[in-house]
Every structure is written in structure tokens, then in C-alpha cells.
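Asks: Provided below are the primary sequence and the corresponding predicted coordinates.
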There are 2 protein chains.
Amino acid sequence: MRLFTNQKKLFPLFPILDWGSRYNRANFMGDLTAAVIVTIMLIPQSLAYALLAGLPAEVGLYASILPLVAYAVFGTSRVLAVGPVAVVSLMTASALAPLGLESLPAYIAAAAVLALISGAILLAMGALRLGVVANFLSHPVIAGFIAASGLLIAASQLKHILGVSVHGHTLPEILSGLVHHLPEMSFATLLIGTLALGFLVWVRKGMAQTLQNKLGLEPNLAKTIARVGPIFAVIGTTVLAWAFNLPAFGVAVVGTVPTGLPPFGIPMLDWELIPALVGPAVLISVIGYVESVSVAQTLASKRKQRIDPNQELIALGASNVSSALSGGYPVTGGFARSVVNFDAGAETPAAGAFTAIGLLVAAMFLTPMLFFLPKATLAATIIVAVLSLVDLSILKRAWDYSKADFAAVSATILLTLGAGVEVGVASGVGLSLLLYVYKTSRPHVAEVGLVPGGQHFRNIKRHSVIVEPSLVTLRIDESLYFANARRMEDLVLARAHQNTGELRHVILMCSAVNEIDLSALESLEAINQRLKDLGIQLHLSEVKGPVMDRLKRSHFLEELTGRVFLSQYNAFKELRQNDDVAEHVA
Amino acid sequence: MRLFTNQKKLFPLFPILDWGSRYNRANFMGDLTAAVIVTIMLIPQSLAYALLAGLPAEVGLYASILPLVAYAVFGTSRVLAVGPVAVVSLMTASALAPLGLESLPAYIAAAAVLALISGAILLAMGALRLGVVANFLSHPVIAGFIAASGLLIAASQLKHILGVSVHGHTLPEILSGLVHHLPEMSFATLLIGTLALGFLVWVRKGMAQTLQNKLGLEPNLAKTIARVGPIFAVIGTTVLAWAFNLPAFGVAVVGTVPTGLPPFGIPMLDWELIPALVGPAVLISVIGYVESVSVAQTLASKRKQRIDPNQELIALGASNVSSALSGGYPVTGGFARSVVNFDAGAETPAAGAFTAIGLLVAAMFLTPMLFFLPKATLAATIIVAVLSLVDLSILKRAWDYSKADFAAVSATILLTLGAGVEVGVASGVGLSLLLYVYKTSRPHVAEVGLVPGGQHFRNIKRHSVIVEPSLVTLRIDESLYFANARRMEDLVLARAHQNTGELRHVILMCSAVNEIDLSALESLEAINQRLKDLGIQLHLSEVKGPVMDRLKRSHFLEELTGRVFLSQYNAFKELRQNDDVAEHVA
């Protein structure tokens, strides 16, 4: 039974036609306010994440314009804000590094191609309605991966605060690089970086409260100002760098940023590099999608709205393709900016389109002002943003609840830190799938007996129950498939060998068997044959409808020496009464 | 409950001490007879398989000596015959080809190193008791892989029958190579090859019958002669090639084969090649192990004996290491030779040791006689042997029974033929795991009601049952884990939204829920919270012992708005009577 009813929509591919037709002045005011706040917040963030991806600052701006428009057209979340995000930027850097591209234009083109491939993958997944793939990432693995990525990103930004040059994509590489280059540290950079870091921590932790208490601002205004707080760090340190000519003292600044429209067109790249980008693009697509959908779902449920996971694939795919075609790099829905958009009152995806206009204006007119913006300030912005992602409490939760979950999450964290984001997330996913298969390959099998005074059967080891020496009932607590078929054969036959003397009937109670695949069918046939050789009949009970439908397509039911009973109680009652029942019930 | 009882043995690591201490004259005679027959059968086979692996013929002999002794010491099957086999030889060729080794000694050394790594992997798996890993290969995938490998091997040997030179490891490569080189065909070779092929087919299909009917031989003797029949093809075509000096007519012969003991010692190899060999070695180990264990298990069960899957890993590991140290290449237990060994009356692994002596004698004294042995004869031996492996009926069986099994087996066959053995088997295993996870990610959920006159609950869509408007019971037919947690959330909430008016209770019937992992726990918490917002209580029924134990370690049972009932009938009865039950049962 499929309980999930599809909501009928007139224009499923273009949600904009749905909300757009009912757009009104109230919507417009809410969207505009939100857009102004998000724009101010996004300017430093998009510059900073471009830096994290190893790209020039303006690429971050470009990636925050057209993708927002594309999402506004195709997206089903009312408030999701798309653009460069921390984890995807780190994954971009990690994907491009092994290519060994010498020239900056080639690196920029490769980043755009990565967005293009990633967009194509998302569009294809959307067309195939593969939104369900996101479910293959377990919550603990995602939590562990995000926490470890946050740590890795924070560590990678320390070099900008210290003013040294460090390369590396794993925690040991980064830390040893920092220690090694520490003597080359720039004190002016450290000063600016520490100032910015301190200010940003205060913005996040105490600014709203201080504005309320000291200046008597109303809470909402204070909160809004705190949210755009990072722009003050940007302005303040830029002015400082300009006034004291800090570049002369070794402070790295953003420098010349081209003014004007983003460069439109298909990115040019060496075709030979594409195969190397496909693997990372798959990971970026899936991780970006999972991150984006969980943000969208969380916010939608707060307003009792729903999102369509498959349409989200289309929307994110379109966003990435448009990013690639306008000088950007891989993007996805971001947590912080979407929450800000939501809280600031965005009512429709038009807020995203307005934000895009704001960033377009920034790209066209404000970039000359970014010349003196210290890279240390952008690094501080990133560090403060990502440290809020680092929540290692999942480790304790997993440890308490299940060692398998703990193994998956700790492997994800350790491998992300020690071997990089791609290895980390791929191993986490692979390990959690393997652990699941491993668990189901060693199923729990209980010998059960009748609970007195009812029709209920329970484990003979846990309950005092009625048993019959001539029959053994084994309840199999798992679907039967290739990974446990052989083991099941061993278990049943070992039990049958324990008392061949009296034993006449073996009943497999199948209430928890949700599937029997071809390998397991072969094992059942083998069990049936071997028990027959021992003069024992094999019976099944409580076989579910779908499993029975499938068994009827094979010859097993004809070969079965015993019967198939609707309920375990019937089986017990009848076989106890009549020890020579042999007709088939097919 | 673990029903499988370990058989206590005095010397688990050295089964030889067990059977060796009770060895008697009757055993000796049975073993000796079997050894003579198997030796005669193995001489052409081991030469031919070496050829298939791209190795000089004598390497096949070397790989059939020490490994048999090692298996006799460590193995738990009484009749398994270890040595070079078709599929593993093909995989060896496929593993070594990409290395691009120019010199033959380097190629031979690489083959030995492959056996060494493979042996080390098997020993490590044995030490870790990972025999269970073999279960991750589904029966249909193995069947498909073996059939496709057989086709591939047969195709690859056609070049020897035609006397042309063709390279390639996939069916399209081999076939296009054959077509391309057809004009260079050697007619003398084709003649010899066709003669040998025709004779060998007759040996397999009609020889025993003819010997009985025409010569009046007794059936057993006729069968035995038919089994060693290939040696007559070897002798006959060798004599022909010598008498007519066929090499002068373009017939390729084995040529000079060194006489003497196998070369002992650690194989020398460029260390840089080792990483490239590890992946193929893993596949060779696992495939070889699965093939060997299934042969051993089949034969053991015929004599009501048992084998120990973990000790078999040790035995095959030791066989491969000893093959590597004595000039051989990867080996495993072979189907045909083990059956012959079994039928010829082998009673203990000593038969294998005697066979080793026979082959040692062959290597020391008979090799000069192999000079004129045509390669076409060896190719014919292989073709006839492997075509019996090609059984594509698994395709029909899988199609009839389950489309998922069919997808896995057809992908395995197509990819093995089209992209080579390694890609084929790896994709088959990966795909069958993914399909299993995919199936469990879309669980069957049934809304159930009480079957009148009993305590049994069944699907409301399939049976006429009693339902209550104030309560909905959903039977979840799958373990709850990350791949289906989110979907479960959607299903339950969608059902709850269908009639908020009357609905007071949602019961999740967990008789088929064998596990709840941390991701699913979070989804249950979300369901509980969302239903609470709608004024609906969430209850669980028929939660199994191990699942309940785990839930008690979390805070879920404290947060649960409803109760946990031992049986679904209790839940139905109590909630129907008293609509305001709210105390917790933790």
C-alpha cells in the first residue's frame, strides 16, 4: 500500500506559476525586506566561500546571482536561499586540487565545469525521480560529516589569520603545514584576523543583547542588525587596511576584483579532465542535495508547507547549471542564509530573485571597494560560521544507542579529518550500508512456543511457553536473502540434528520475513530436501501476502514436504493433533 | 539464539592430525586409485590453464604440486582437489595484462606475487573468521559470473584453434580481433584443433557408452577411461605434430619445457606494481574461495560430512602462498577434478598429496615429451571443459522469480562479457547489495484490522476485518533504518492527515521490525512530535525483545505519547475500550 498521496499541481515543473499567480503586495514587502538583509549577509559570505574553494572572490558573487533566479523558478521551498556554502566549497577545492592546474583561468573554468556536471547529475536524478537516494545517507553519517567538515574548514582558514601559505586537504596536512610555516607568520595579519574574529564572535553571541540593553533597540531590530553584523567587520577592516596601507605590512587583501556583469557562456575545459571530475561531482551533488533538502524540509514544516524532493533535484540542478554558465561554481541551499531569509519574513521564492538583484548591483558597482578587504577578515567570517556546525554530540548519542551507528559516524569523522572530505563521506555511506547488510546477514532466530491461555508465540528462552517434542518452531527475525541464506540453512539443519529421534516437524514462522530472494529460495529448497532425508517435514507459517505471491511463482510449494499455515497457532494446533498431515496447501 | 554448535576438535588448525591418526590401508588404496586418475586428468588441464593465464605451460604443473600438499595439511574437505582453475586463470590474465610487463620472467614473477597477495588475504580473512563474507555474493550473481566467464574463456581460446594472435579481455575485443586476424589463419592448426575438439566432445558425451557397448567394458572402467580421455588427445596430437613436423606448417606447440623441480623461493617483483595487484587479488581470493567452498560443501554433504568455512580460508591461503613460493600462480579448489577425485574413491586429503607426487614426477621427467604438444589441443581441452560451465538457465529462473535478481544476474553477465571479469563480478556484487537496500528503502506498509473471531490482524485491503474509526494500525513490514526512516515518516503522517477529525490513536505494529537504528529513532521521535501536535497518540505493539532493549537505552519511551503493547490484540482491545488511556508503559 502506498499511503503517500501525490499533491496534484497544475504546473509541477514550474512552481513559480503556482505561487506567482497569487502574488500580492504583502508578499512583495516581506520578500523585499528579507532580500535586503540576506544580500548584506551574503556579500561577505560569498566572497569568503570562493576563497575557501581556492577561487577569486568575485566568483562567489557570480555564484550568488543566476542560481538564485533559477531556484526561484524551479524550487518548491518558499524560503530556501541558494548559493556557495562552506562544505560544498571545501569539496570543490578538494576536487580541483588533484588536477594540478597551473593557471588561474583553467582553475576557474574547472570549477564551472564541476558545477555543470553536478547540475547535469542533479537534473538527471530529478528526471529519474531519484530523490530517494538521499535516504541512503544515514543521519549519523551526515551529522558526523558536517561536524568534521566544519573542523577541517576552520583549520584550513587559520593560515589566512596567521598570514602564512599552507596547502593540504586533511587535518594532519593542514596542522603540520601551519606548524612548519609558523615562523613566517605576519603579525599585522594576525592582528587584523584576531580583531575580526573577536568582533564576529561578539556579533554572534552578544551583539543583539547589547543593542537591546545598551541602546534600547527593540528585539527584532537588534537581531536583524546582529545578522548583518559581519558586514561591519568587512567595512571596518577594509577601512583599516586602506588607512594604514596594511598590504605594505604583509596583510593579504582581496585586491583587484573585476567590475561588471558575470561572464556568461559555456566554460571551456580540457575534455581529458572531465572523467576526474565526475566522481567528485556525484559526491558534491548528493551532499549538496541532502544538506539543501533537510534545510528546506525543516523550514517548510514550521509553516506547515511541503516540499517536493524530486522537484528540488530539478531546481538545484538548474541552479548549478546556471552557476556554471555565469562564471560561478557548485552551489546548494545554505542553512544560515535560509534561516535568515525565513526569519526576515520571506514569503515566496521572489525573495531569492530580489537578493540576486542586490548581488548583481554589488558585482557591478561595489567591487572596487573590496580592494583593501583583508583575506583574514573573510577567513574569520568562515571560521565563526562553520564552528557552529561542529557538534560532536552525535558521537555520544550513537555510542549510547548502537555500536554500529557509532562505528559509521566515527569512521566518517576520522576519515574526513584524516583523508579528506571525499574519502570521508564515501566511506561513511559505504560503511553504513555494509554494516546494515552485515547485521542482516546474522539474523536473530528464536525457537518459540505457545504462551499459555492465548494464541501468541514467544521465545522459549525469554518466556515460559508450551512446546511439543515432535515439532520445533523457529521464528526468523529477518528477510531471507543472499547474505543470510546459507547461514539460515546451517541454523535450521543444526537444530534439526539436535534431536532427530522424536522430531517430526520443523515450522519456520515467517511473520518477520519481508522478502525471500532467489538465493534464499534455493536454501529453502536445500533445507526441505535435507529434512526430507531425515524424515522430517518442513512447514511455513504466517507467510505474508507479497512473499507468498512470489513463492507461488516457483516450484518450491510443490516440493515442500509440509504445509503453509495462515497462522502459527493453526500450525501448532493441527500438527499436534494429527502427526501425519501431509497434503499440500498451495 | 545461536543454534549452530561448534564441533570441538582437538587440532582445529591442522585437520590432518585428526584424520591422519586414524589412517588405514583401506583409506590408502582408495586415495591411491583416485590420485592416479586425477594425476592423468590434471596434466593436460594444468598445462592448459597456465596457457589461459598467459603463462608458460610448466607453471601450471608447478601450481599443482605444493598447493595440494598444503591443502592436505590444512583443508577440512576430504576430497577437494586444489590447483589452477579456469576462472581464476582468466582473472590472473586479466589482472596482469594492464601492468604492461614486457619480459616473460617479470610476468611469471608477477603471477606468483598475485598468488602471494591472494594467499595473504585469504589467511587474514581466515584469522579474522571472515568466511561469512562469501555470503555477500548472491547465488544468481555467482551463477551468472561463472557462465559469462565460461563464454569469455571459450572465446579467448578460439585464437589457438585458428592459429592467430589476438589480445583482449572482453568479448567484443576478442571477437573483433578474431575477425580482423582471420585471414592469417593457419589451416594445419585448425585441422589439429578441430580434431582435438571433436575427439574431446566425443570423450565427454559418448566415449563411456561406446566403450561399454562396443568393447563390453564394465561401466565403472569405461567411465574412468572416459575421464582420463583428454590424455589420449594430448598423446595423439603430440605424436601427429612430431611425425609430420607440424611446427613447420605453422602449428604452435608448447616447445621446450624446463625439466626438474619447481623453482623454490620468494618471487621477485617491482614493489611499485604491488598496489595495482591488490584489487585483483581481493577479487581472485573471494571468487576462488566461493567456488572452492561451494564444491567442498556439495561433496561433503553427499557423505554427511561437514567442512569448516573459516578453516577453508586458512587452507586456501596456505595453498596460494605455497604456489607463490614454488613457481606457481593463484589456485583454488576446482569443480571437475574434485568430482573425479570423489567418484574415484578418494577418502582423505592424502589423495591430494599422492596426486602432488604424480605431478612432481611429471614435472621432473615427462616435460621433454611435451615439446610437440600443440597449443590447439590445450585450447580444445579448455573449451570443452568450460562450455559445461555455461548454463544460462539462471536468467530464466531469475526472470520468473524476481526482477531484482534478474537485474543483478543480467548486469553481471553483460558486464563480465563486455567489460571483463573484474568489472563484471564487482558490479554484480555491488548491484545486488544496492538493490537489496533499495528494496528495503521502500517498505511494504499495511493498514491492518482484526480478523473476526480471533486475535489475528490482517491487511484491510486483502481481508474483511474489524476496524475502529478512532484508531489506525499500520503494520510495518521492514526493519527501520536510515534508508527508509524518512519515507516511514512521510507515510505515517500522510495517513494521519487523512482523517484528523476522528483519529485519536496511531499504532505501529512492529512484528516485522527487526531493528531500529539511530536514524529511524530520530524519525520515530519526529512522528511522535508531529502526531502530538495533531492531538493523536502514538503507540507501538509487538516490539521484539532485542529492539525493545535498544529503545530502552534512548529517551524515546519517555517522550512517547502513547504506550507499548505486548500484542496487537491487547492494543486494539484496550484502546477501543478506554479512549483516554495515557499512562506510559516503559
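Replies: Yep, it's here.
Asks: Okay, buried residues for the lowest-mean-pLDDT helix or strand in chain A please.
Replies: Among the helices and strands of chain A, helix A:15-20 carries the lowest confidence by mean pLDDT, DSSP states H and E, at a mean of 77. For helix A:15-20, the neighbour count (16 or more other Cβ atoms under 10 Å in any protein chain shown) marks A:15, A:16, A:19, A:20 as buried. C-beta here means a position set from N, CA and C on the backbone, and glycine is covered the same way.
Asks: That one - contacts with which helices or strands?
Replies: helix A:66-74 (3 or more Cβ pairs under 8 Å, 6 or more residues apart in numbering or on different chains; DSSP states H and E).
Asks: Report the beta-bridge partners for the residue lying closest to residue A:71 once chain neighbours are set aside.
Replies: Closest residue in space to residue A:71, ignoring its immediate chain neighbours: residue A:82 at 4.4 Å, by Cβ to Cβ, 6 or more residues apart in numbering or on different chains. Note on residue A:82: beta-bridge partners by DSSP bridges are residue A:333.
Asks: got a list of what residue A:82 touches?
Replies: A:67-68, A:70-71, A:75, A:292, A:316, A:319, A:331-334, A:352 (Cβ atoms under 8 Å, 6 or more residues apart in numbering or on different chains).
Asks: Try it again at 10 Å.
Replies: A:63-64, A:67-72, A:75, A:288, A:292, A:315-316, A:318-320, A:322-323, A:331-334, A:337-338, A:349, A:352, A:355-356 (Cβ atoms under 10 Å, 6 or more residues apart in numbering or on different chains).
Asks: how many neighbours does the residue of the stretch 401-550 of chain A found nearest chain B have?
Replies: As assessed by Cβ to the nearest Cβ, chain B sits closest to residue A:482 within the stretch 401-550 of chain A, at 3.3 Å. Residues within reach of residue A:482, counting by other Cβ atoms under 10 Å in any protein chain shown, total 28.
Asks: hang on, isn't residue A:538 packed against residue A:524?
Replies: Yes: with contact defined as Cβ atoms under 10 Å, residue A:538 reaches residue A:524; the gap is 8.0 Å.
Asks: shared neighbours of these two, anything?
Replies: With Cβ under 10 Å, 6+ apart, residue A:538 and residue A:524 have common neighbours A:492, A:508, A:559, A:560.
Asks: out of the residues you listed, which are buried?
Replies: By 16+ other Cβ under 10 Å, those give A:492, A:508, A:560 as buried.
Asks: out of those residues, which are inside strands?
Replies: residue A:508 (DSSP state E).
Asks: mind listing what the residue of the stretch 1-150 of chain A found nearest chain B touches?
Replies: Nearest to chain B in the stretch 1-150 of chain A, going by Cβ to the nearest Cβ, is residue A:138, at a distance of 3.3 Å. Counting by Cβ under 10 Å, 6+ apart, residue A:138 makes contact with A:144, A:398, A:404-405, A:408-409, A:412, A:428-429, A:431-433, A:435-436, B:481-483, B:485, B:517-520, B:522.
Asks: okay, now the domains of chain A?
Replies: Following automatic domain parsing, one finds the domains of chain A at A:26-90+A:104-132+A:181-275+A:287-393, A:445-577.
Asks: Would you format those as CSV with mean pLDDT included?
Replies: Output for those, formatted as CSV (pLDDT from 0 to 100):
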stretch, mean pLDDT
domain A:26-90+A:104-132+A:181-275+A:287-393, 88
domain A:445-577, 88
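Asks: With respect to residue B:24, which of the ones you listed lies nearest?
Replies: domain A:445-577 (27.3 Å; Cβ to Cβ).
Asks: doesn't residue B:141 make contact with the residue of the stretch 401-550 of chain A closest to chain B?
Replies: Yes: counting by Cβ under 10 Å, residue A:482 touches residue B:141, with 7.8 Å between them.
Asks: Can you pull the residues that touch both of these two?
Replies: Common neighbours of residue A:482 and residue B:141 (Cβ under 10 Å, 6+ apart) are A:518, A:519, B:405, B:408, B:429, B:432.
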